[in-house]
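>>> Here's a sequence, model it:
(one chain, ligands or ions: 3)
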Amino acid sequence: MELTTTGSLLRELFARFAPIGALPGGGVTRLAYTEREDEMHACFRDAARDLGFRVWTDCVGNSYAAGFPEGTQDYTLIGSHLDSVIEGGEYDGVAGVLAGLAVLCELRERRIGTPVAVAAFRCEESSNFRVCTVGSGLVTGTLEDAVLRGASDRQGVPLLRHLECYGFDPHAALLRGCARYLELHIEQGRVLQERGCEIGVVSAIAAPHRFLLRLRGMAEHSGATPMSLRRDSLCAAAEAILAVERAGLSEAVNDSVATVGCVENRPNVMNAVPGETTLQIDLRGIREDSVVRMENAVRREVEALCARRGVGFTLDAVDVKHPVLLDEGLQKRLCAAAEALGLPHMVLPSGAGHDAMSFAELCPTGMVFIPCRDGVSHNVHEHTELSQIENGVRVLVRLLAAEQA
Ligand code: GLV
Ligand code: MN
Ligand code: MN
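Ligands and ions are numbered 1, 2, ... in the order given. I've put the predicted structure just below:
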């Protein structure tokens, strides 16, 4: 199939980013505040400069591009992120940033003068520091100081130490002049595909509540310690993981979900009873009361199982966000834009977190979802057609053009 101008531009842009953090079997790993993410941002700035846009970075390493002069006020910001999970896909976040550049090109081509900037945010994924939307949260002032101070990477190095090494200042300056925020993102679920829709207009974003459960038993010889005398932290963790699943299942009627995505176990050798196990627990839902019920259920079950097993525990919140409602006016106008373009569309909530969460309380915020194949995401097999990204670009351009008319 022959590509349109926007399709060719998207193909060229994805090709520039493709080698960064690429894995031999497909997919990418581009963890936040690592060299891979740095390369992604350098690549974004080079690409935007080559397209003729002004580029700049802020005090925490987010990158921006725009055609308008410095100091312009009341612009629309189109943003997303360039970091990835471990063994993720190349569309999560990147599709939204590159779509933003395509929107800038299209507006310039059509001489639509509305001021628009594109943002590529740092550290949207919680894979490295266990906290999400760090770059957008810092420049909007919505990332709590305690969360920033408590965050450390997978090796235990504090996030603040990383920022210091880069010469970044997390408290230097807030983003100025942004009148509203738009984000295009792959859906990361199967609803659009199953409903035959090309465009999703997001109504709300589920709140992630993240916890660390540290279980302390006793590391001992696995041959010499009788079963009746053990305080095995990994066995306690196994029960806790199932308790988290039960909490999620009991709130599934409210579309809430509960996951243990990471287990760290010590000493993690064949011939020792595990003595210390840490679980990362991710509870999410559109209804805050439902998320809190899951949290309470998990705490009750962990207390009981640890008492029964003689295992000590701490259950600490590392990042607690609230469900976010997106701007209703923008939802209507995005639906109208999709309608005018003849693109089948629907309104739906997002179970995944997005940089849009950092903006929703500060300015009108809207999100457009495009389908991804079979809903697969945070997986090397994640895939979206360029034509589907282009559909999202057309919706955003249509919205901006309609407002100018
Ligand atoms: C971001 O991808 C998230 O974890 O929701
Ligand atoms: Mn993601
Ligand atoms: Mn994302």
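
>>> Tell me the confidence at residue 1?
Listed pLDDT for residue 1 reads 61.

>>> same thing with the one 4 residues further on?
As predicted, residue 5 sits at a pLDDT of 92.

>>> residues in contact with it?
By CB atoms under 8 Å, 6 or more residues apart in numbering, the residues touching residue 5 are residue 109. Just so you know, the C-beta spots here come from the backbone N, C-alpha and C atoms, and that holds for glycine as well.

>>> Residue 173 belongs to a strand, doesn't it?
No. Per DSSP: H, G, I helix; E, B strand; the rest coil, residue 173 lies outside any strand segment and is coil.

>>> Give me the neighbour count for it.
Counted with other CB atoms under 10 Å, the neighbours of residue 173 add up to 10.

>>> same deal with the one 4 residues further on?
Residue 177 has 14 neighbours, counted by other CB under 10 Å.

>>> can you check the one 5 residues further on too?
A total of 28 residues lie near residue 182 under the criterion other CB under 10 Å.

>>> Who are the contact partners of it?
Counted by CB under 8 Å, 6+ apart, residue 182 has contacts 76-79, 330, 365-368, 396, 399.

>>> residues touching the residue nearest to residue 26 when sequence neighbours are not counted, list them.
Excluding the flanking residues, the one nearest residue 26 by CB to CB, 6 or more residues apart in numbering is residue 380, at 4.8 Å. Contacts for residue 380 (CB under 8 Å, 6+ apart) come out as 23, 25-28, 87-89.

>>> which stretches of the chain form helices?
All helices of the chain, identified by DSSP state H, fall at 5-17, 35-50, 94-109, 134-140, 145-150, 159-166, 191-195, 233-250, 288-309, 328-340, 356-359, 386-404.

>>> how close does the nearest residue in space to residue 263 that is not next to it in sequence sit to residue 210?
Excluding the flanking residues, the one nearest residue 263 by CB to CB, 6+ apart is residue 279, at 5.9 Å. Distance, residue 279 to residue 210, by CB to CB, to the nearest Å: 11 Å.

>>> mind listing what the residue in the stretch 251-400 of the chain positioned nearest to ligand 3 touches?
The minimum distance from the stretch 251-400 of the chain to ligand 3, using CB to the ion, falls at residue 354 (6.0 Å). Listed by CB under 8 Å, 6+ apart, the contact set of residue 354 reads 80, 124, 133, 183, 185, 205, 367.

>>> and the gap between it and residue 121?
In terms of CB to CB, residue 354 sits 10 Å off from residue 121.

>>> if I look at the two, which residues touch both of them?
80, 133.

>>> what residues are up against residue 196?
residue 344.

>>> Can you name the residues of the protein that neighbour ligand 1?
125-126, 132, 352-353 (CB under 6 Å from any ligand atom).

>>> rerun at 8 Å
Residues of the chain that fall close to ligand 1, judged by CB under 8 Å from any ligand atom: 85, 92-93, 124-126, 132, 188, 208, 282, 284, 351-354, 377-378.

>>> Just the endpoints, please. Distance across stretch 244-261?
Criterion CA to CA, to the nearest Å; first-to-last residue distance in stretch 244-261 is 11 Å.

>>> Also stretch 251-261?
18 Å.

>>> likewise stretch 85-96?
For stretch 85-96, the end-to-end distance is 16 Å (CA to CA).

>>> average pLDDT for that stretch?
For stretch 85-96, the mean confidence score works out to 98.

>>> Could you do stretch 329-345 as well?
Average pLDDT, stretch 329-345: 98.

>>> Any idea how far it is from the middle of the chain?
24 Å (CA atoms, centre = their mean, to the nearest Å).

>>> Just the buried positions in that stretch, please.
330-331, 333-338, 343, 345 (16 or more other CB atoms under 10 Å).

>>> again, but for stretch 360-367
Buried, per 16+ other CB under 10 Å, within stretch 360-367: 360, 363-367.

>>> check contacts around the closest residue in space to residue 173 that isn't next to it in sequence.
Residue nearest to residue 173 in three dimensions, not counting chain neighbours: residue 59, with 5.6 Å by CB to CB, 6+ apart. Going by CB under 8 Å, 6+ apart, residue 59 touches 139, 168-170, 172-173.

>>> let's go with 7 Å and repeat that
If you count contacts by CB atoms under 7 Å, 6 or more residues apart in numbering, residue 59 has them with 168-169, 172-173.

>>> and if you look at residue 49?
Applying CB under 7 Å, 6+ apart, we find residue 49 in contact with residue 55.

>>> rerun that using 10 Å as the cut-off
If a contact means CB atoms under 10 Å, 6 or more residues apart in numbering, then residue 49 has 55, 65 as its contacts.

>>> Next, work out how far apart it and residue 65 are.
The value you get for residue 49 to residue 65, if CB to CB is used, is 8 Å.
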